[in-house]
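S.K.: Whatever this is, show me its structure:
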Amino acid sequence: MRVFVGRYRSSYEFVSRKTTQDYSASGRKDGGVKKNSYSEKMAHKRPNTLDEGKEEYKPPDPVLEAIKLRWESEQRNLQGKISLEDDRIVKEMLSSSSSDTFYIGGMDISFFEGDNVNACAALVVCSYPDLEVVYEDYKMIELTQPYIPGFLAFREIEFMKMLYENVREKNPKYTPQVIMVDGNGILHPRGLGSASHLGVILNVPCVGVAKNLFCMENEIERDEQHKEQVASLKKAGDTFPLVGSSSGICYGKALRSCEKATNPVYVSPGHGISVDSAVELVYRCSKYRVPQPIRHADLNSREYIRVRAQVKAIEVTCVTALHQLCVVFSQRLIMY
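M.R.: Numbers count the residues shown, from 1 in each chain. The predicted model follows:
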């Protein structure tokens, strides 16, 4: 049975969490510099402009700085609650003796082109191990929290939580036992990417799967060594660890998820799962480069946005035509 929720409706239903003016400039994925106290030191050394030599220095926005300090405190609190031990359900899913059917959710948020506020939040649940889509939910949302590098989860987490609560209340059978997030887990300056943030809040095993390497200065970098390691991934299932240059922490692994994939995905555990189990689960869920739950959420949310844009264009055209007819009719009444 396949359950569809909120797909291709003709009217716009925006879900909003309005708490502050949107100061965002751009961006999607978790950003930042390095982990813990090092990140704070580097933040003071780094200029507040994109190019110190070309742009005049501008002091930090006091509102954004206050928000950032509050969010940093919340991240430190949540980071202390992360578990990188395999949850019982993870062990059962990966057990060769298990014949049960499990459910894995994929979450992604897609944006309208040129718009970093209005978006579509998607949850797609696949059965495991056969990877059939059993549940889908798509919601139009409005992100009103500011975008600050390293704090992406604070823009998106409420909508992800809403999607999870929807399936748990309306179709509890398909409540995902593990969630894969298009983003990062502990591969983050303060060890709390979107997958970790969501996992701790929901107390559900979560895995971060990113298409691009998230770099942290002097810790995780896309240098020549990294390029050589990527080139060493010869067959599906090959991996190499993402180890911090200065900390020695293993943040996750780069994985060649299928034979046809020339570029790896970057897997980092979020919560309730170990590095090795996160990589193994992503590999088992990958028919293509991106694991099926996230792949469906990504592709379908983009299609959802495309259809919504078309519907909106038709609505605008109809309203314009109706207005023109009213004007003509009014003119004729005046003539008579």
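
S.K.: Can you get me the start-to-end distance on stretch 255-262?
M.R.: Length of stretch 255-262, first residue to last, C-alpha to C-alpha, to the nearest Å: 11 Å.

S.K.: Need the mean per-residue confidence for it.
M.R.: For stretch 255-262, mean pLDDT is 94.

S.K.: Please apply the same query to stretch 239-250.
M.R.: 94.

S.K.: now swap in stretch 274-289 and tell me
M.R.: 97.

S.K.: can you map out the helices along the stretch 101-250 of the chain?
M.R.: Remark: helices assigned in the stretch 101-250 of the chain by DSSP state H, counting those that start in this stretch are 153-170, 194-202, 224-231.

S.K.: Determine which stretch of these is the most buried.
M.R.: Mean neighbours per residue, mean count of other C-beta atoms under 10 Å, is largest over the helices of the stretch 101-250 of the chain for helix 194-202, with a mean of 27. (C-beta placed from N, C-alpha, C; glycine too.)

S.K.: What helices and strands are in contact with that one?
M.R.: Judged by 3 or more C-beta pairs under 8 Å, 6 or more residues apart in numbering; DSSP states H and E, helix 194-202 is in contact with helix 62-79, helix 153-170, strand 178-182, strand 206-210, strand 265-271.

S.K.: Now distance to M107 too, for these, in a markdown table please.
M.R.: Shown next, in a markdown table, are those (distance: least, C-beta to C-beta, whole Å):
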| stretch | distance to M107 |
| --- | --- |
| helix 62-79 | 18 |
| helix 153-170 | 5 |
| strand 178-182 | 5 |
| strand 206-210 | 9 |
| strand 265-271 | 11 |
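
S.K.: Quickly, which of those bottoms out on average pLDDT?
M.R.: Mean pLDDT across the helices and strands packed on helix 194-202 is lowest at helix 62-79; the value there is a mean of 92.

S.K.: Which helix or strand lies directly C-terminal to that one?
M.R.: helix 88-94 (DSSP states H and E).

S.K.: contacting residues around that following helix?
M.R.: 86, 98, 100, 102, 128, 177-178, 205, 272-273, 277, 280-281 (C-beta atoms under 8 Å, 6 or more residues apart in numbering).

S.K.: Rebuild the helices of the stretch 101-250 of the chain as JSON lines, extending it with distance to M216.
M.R.: Formatted as JSON lines, these follow (distance: least, C-beta to C-beta, whole Å):
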{"stretch": "helix 153-170", "distance to M216": "16"}
{"stretch": "helix 194-202", "distance to M216": "15"}
{"stretch": "helix 224-231", "distance to M216": "13"}
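
S.K.: counting contacts, what elements does the helix or strand harbouring P293 pack onto?
M.R.: Per DSSP H and E: P293 is located in helix 292-335. Helix 292-335 sits against strand 102-111, strand 118-128, strand 133-142, strand 178-182, with contacts defined as 3+ C-beta pairs under 8 Å, 6+ apart.

S.K.: ok so, going back, tell me which of the helices and strands packed on helix 194-202 approaches F240 most closely.
M.R.: Taking C-beta to C-beta as the criterion, F240 comes closest to strand 265-271 out of those, the separation being 10.6 Å.
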